[in-house]
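S.K.: got a structure for you, letters missing:
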């Protein structure tokens with residue numbers, strides 16, 4: 001049976017690990033920096049075990065016998081994680097970097113990993129992991145793509161090769177985020193303004209008339225909820241998107257503004273206010289945003 005390791009075991013990692021285990025994977029080990037903090041150590045170990053993973057005390061312990069290593073940290077920690085794990089990797093191992101960061105950062109991570117003799121694969125996760133687990137759609141790029149896809153074939157994952165250059169897969173995701181996260185920011189800003197004078201329904205009706213192929217109220221409700229619930233992660237990702245555009249010689253006007261609007265939502269603290277039980281309606285989200293903003 002194939003053995004897997006996870007570096008970073010917060011949101012996406014446990015769900016992917018659980019799916020692999022249920023699909024017949026061998027032992028899965030996991031390491032997260034939370035294991036090194038006294039206040040979070042016990043809770044994290046319990047969490048890892050609840051998803052079927054063996055908690056590891058260090059990156060070295062986690063990757064020791066793994067054939068495939070998944071890096072599922074944060075965009076800001078992706079390169080740090082690769083550099084920390086690299087000395088403990090060896091030839092024959094695959095290092096799959098699933099983090100949402102710029103092509104330049106992934107290329108730097110690849111240099112660190114490949115210096116150990118292990119093979120690096122740039123992975124872009126193209127949908128939400130909850131509800132999909134290890135079968136979430138992923139784009140892969142790098143010279144080892146075909147080999148790792150063949151190795152992972154028994155687990156029925158949705159792996160789509162993009163090319164043999166590290167950074168190609170991540171560029172697809174970053175460029176897509178300019179549009180998707182930009183749309184979220186536009187809806188948030190437009191409807192927040194309209195709600196202040198009670199005309200949000202009129203605005204939505206007008207948008208619906210211009211673009212009748214989509215249910216704009218349903219779309220806005222979904223995306224407003226996603227922005228509120230995952231504002232920090234989305235704002236951090238938009239910093240990586242802006243970095244990507246700069247690397248490509250494109251001024252990131254839209255990406256930067258999108259990140260600012262989403263960061264504004266994060267700073268309102270709506271998610272904490274509702275203790276995870278967020279409003280279920282579009283009007284509820286807009287009212288929560290208005291109330292939190294006016295109280296600042």
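M.R.: Done, it's in. Since this is a predicted model, take the numbers as computed values, not measurements.

S.K.: where does the stretch 151-296 of the chain have low pLDDT?
M.R.: Within the stretch 151-296 of the chain, the segments meeting pLDDT under 70 span 276.

S.K.: where do the helices of this structure begin and end?
M.R.: Assigned by DSSP state H, the helices in the chain fall at 12-22, 38-50, 59-63, 78-85, 103-114, 145-152, 168-195, 200-210, 216-229, 231-247, 253-268, 270-273, 282-294.

S.K.: out of these, which gets nearest to residue 136?
M.R.: Smallest distance to residue 136 across these (CB to CB): 7.5 Å, for helix 12-22. For the C-beta atoms, the positions are set from N, CA and C on the backbone; glycine is no exception.

S.K.: chain center to the closest one: distance?
M.R.: Relative to its chain's centre, helix 12-22 lies at 15 Å (CA atoms, centre = their mean, to the nearest Å).

S.K.: what's the mean pLDDT across that helix?
M.R.: Mean per-residue pLDDT for helix 12-22: 96.

S.K.: what sits up against that helix?
M.R.: Residues outside helix 12-22 that contact it (CB atoms under 8 Å, 6 or more residues apart in numbering) are 4, 6, 9, 28, 30, 32, 47-48, 51-53, 70, 72, 98, 125, 129-130, 132-136, 155.

S.K.: follow-up on the earlier one: do you know which of the helices of the chain lies nearest residue 93?
M.R.: helix 59-63 (7.1 Å).

S.K.: in the closest one, which residues are buried?
M.R.: By 16 or more other CB atoms under 10 Å, the buried positions in helix 59-63 come out as 59, 62-63.

S.K.: just the buried residues out of the contacts of helix 12-22, in ChimeraX syntax.
M.R.: A single ChimeraX command is used to select the members of the contacts of helix 12-22 judged buried by 16+ other CB under 10 Å:
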select :4,6,9,28,30,32,47,48,51,52,53,70,72,98,125,129,133,134,135,136,155
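
S.K.: in strands, which of the contacts of helix 12-22 appear?
M.R.: Among the contacts of helix 12-22, the members found in strands (DSSP state E) are 4, 6, 28, 30, 70, 125.

S.K.: give the contact list for the residue nearest to the first one when sequence neighbours are not counted.
M.R.: Read that as residue 4. Of all residues not flanking residue 4 in the chain, residue 28 sits nearest, at 4.7 Å (CB to CB, 6 or more residues apart in numbering). By CB under 8 Å, 6+ apart, the residues touching residue 28 are 3-6, 17, 20-21, 52-54.

S.K.: closest to residue 170 among those residues?
M.R.: Nearest to residue 170 among these: residue 6, at 19.1 Å, using CB to CB.
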